[in-house]
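Colleague: below: sequence and its predicted model.
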Amino acid sequence: MVPVTIDGEQVKLATITYKPAGAGPFPTLIFHHGSTGRGNDPSSFARPYDPRTLAQWFTARGWAVVLPSRRGRGGSEGLYDEGFSLERARGYSCEETLSLPGADRALRDIDAVTPAILAQPFVDRSRVAVGGQSRGAILAIAWSGRQPAVPRAAINFVGGWMGTGCSTASSINQNLFRRGTPFGQSTIWLYGDKDPFYPLSHSRANFAAFQAAGGKGTFHDYPPPEGLNGHQISSAPSLWTTTLEAYLAAQGLPAKAP
């Protein structure tokens, strides 16, 4: 539990940390969680996000992985309030005037918790990457534009804020992705076909908008293996290992398992 102050409120945010063998300091990935589907099941808010397969992929390559939970999620204190409808029981709102302030609130959580993570003695602050899954991924891209001097890499697994069930999805998602353009370095976008929230055509259009605004990166898409849909490809390293290793190596970061 990491004590932080956000919006004038003192709260403790829950984190899960994976570390490789040794004393460190280690290159460190700060990886952010996504949503809870439609946001209309409060019982899921407290469930920790723990992508063990992905974390172990990184620790095998000498990385530490820190998984912070934002306010009201995964055991963190505070109210979970990332763009809900005025009637919270209806879940996340499609209205831009509600959805985007929810993303801004999430970004302030990341602003608050990141310095506390970087202050940990096991973190090599010269070799930091940010990433995330779904909502966490679009936040990682947007946040890298807020703090371009902190990460050396930004990793987007199936990122987006609103699914295409909302007519506003393109406007909302492209707004947030364009915020990552000040990062100025290459980002990597990893997407799966048959994603129930973000069809590939939608995600490619988001990437095109990011590039048109000056963002740098590469977009990759994969057919999900049997038993998974396209939103779950972070659990299938056989799809993206070669691509992600090449990206990390190009950023001067550890990429290969010994």
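Modeller: It's in.

Colleague: just give me the longest strand of this structure.
Modeller: Longest strand in the chain by number of residues, with DSSP state E as the criterion: strand 123-133.

Colleague: can you name the element that comes right after it?
Modeller: Sequence order places helix 135-146 as the next helix or strand after strand 123-133, per DSSP states H and E.

Colleague: helices or strands up against that following helix?
Modeller: Counting contacts by 3 or more C-beta pairs under 8 Å, 6 or more residues apart in numbering; DSSP states H and E, helix 135-146 packs against strand 26-32, helix 96-118, strand 123-133, strand 153-157, helix 169-178. C-beta coordinates here come from the backbone N, C-alpha and C atoms, glycine included.

Colleague: circling back to that earlier point, taking helix 96-118 as reference, get the angle to the longest strand of the chain.
Modeller: 150 degrees (axes from the mean of the first three to the mean of the last three C-alpha atoms, to 10 degrees).

Colleague: just checking: what are the partner strands of strand 123-133?
Modeller: strand 26-32 (parallel), strand 153-157 (parallel) (DSSP bridges).

Colleague: tell me how far Pro48 lies from Gln232.
Modeller: 17 Å (C-beta to C-beta, to the nearest Å).

Colleague: over to Arg88?
Modeller: 27 Å.

Colleague: neighbour count winner among Pro48 and Gln232?
Modeller: Gln232 (17 against 14; other C-beta atoms under 10 Å).

Colleague: OK, contacts around the more buried one?
Modeller: Gly192, Pro224 (C-beta atoms under 8 Å, 6 or more residues apart in numbering).

Colleague: hang on, the earlier thing: list the buried residues of the longest strand of the chain.
Modeller: Val123, Arg127, Val128, Ala129, Val130, Gly131, Gly132, Gln133 (16 or more other C-beta atoms under 10 Å).

Colleague: can you get me a residue count around the closest residue to Lys216 other than its chain neighbours?
Modeller: In space, and not counting its chain neighbours, Lys216 is closest to Ser186: 4.9 Å by C-beta to C-beta, 6 or more residues apart in numbering. For Ser186, the neighbour count with other C-beta under 10 Å is 14.

Colleague: just Asp81 next, same as before
Modeller: 14.

Colleague: likewise for Gly74?
Modeller: Close neighbours of Gly74, defined as other C-beta under 10 Å, add up to 20.

Colleague: I'd say Ile141 and Gly180 touch.
Modeller: Yes: counting by C-beta atoms under 8 Å, Ile141 does reach Gly180; the two are 3.8 Å apart.

Colleague: any common contacting residues for these two?
Modeller: Common contacts of Ile141 and Gly180 (C-beta under 8 Å, 6+ apart): Ala154, Thr187, Phe210.

Colleague: could the residues you listed go into a markdown table alongside distance to Tyr92 and neighbour count?
Modeller: Formatted as a markdown table, these follow (distance: C-beta to C-beta, whole Å; neighbours: other C-beta atoms under 10 Å):
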| residue | distance to Tyr92 | neighbour count |
| --- | --- | --- |
| Ala154 | 24 | 29 |
| Thr187 | 25 | 29 |
| Phe210 | 22 | 25 |
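
Colleague: out of these, who's nearest Arg73?
Modeller: Nearest to Arg73, judged by C-beta to C-beta, of the shared contacts of Ile141 and Gly180 is Ala154 at 21.3 Å.

Colleague: for that closest one, what are its contacts?
Modeller: So Ala154 contacts Ala129, Val130, Gly131, Ala140, Ile141, Ser144, Gly180, Phe183, Gln185, Thr187, Ile188, Gly217 (C-beta under 8 Å, 6+ apart).

Colleague: go on, Pro121?
Modeller: Gly24, Pro25.

Colleague: surely it is within a strand?
Modeller: No: assessed with DSSP: H, G, I helix; E, B strand; the rest coil, Pro121 is coil; it does not lie in a strand.
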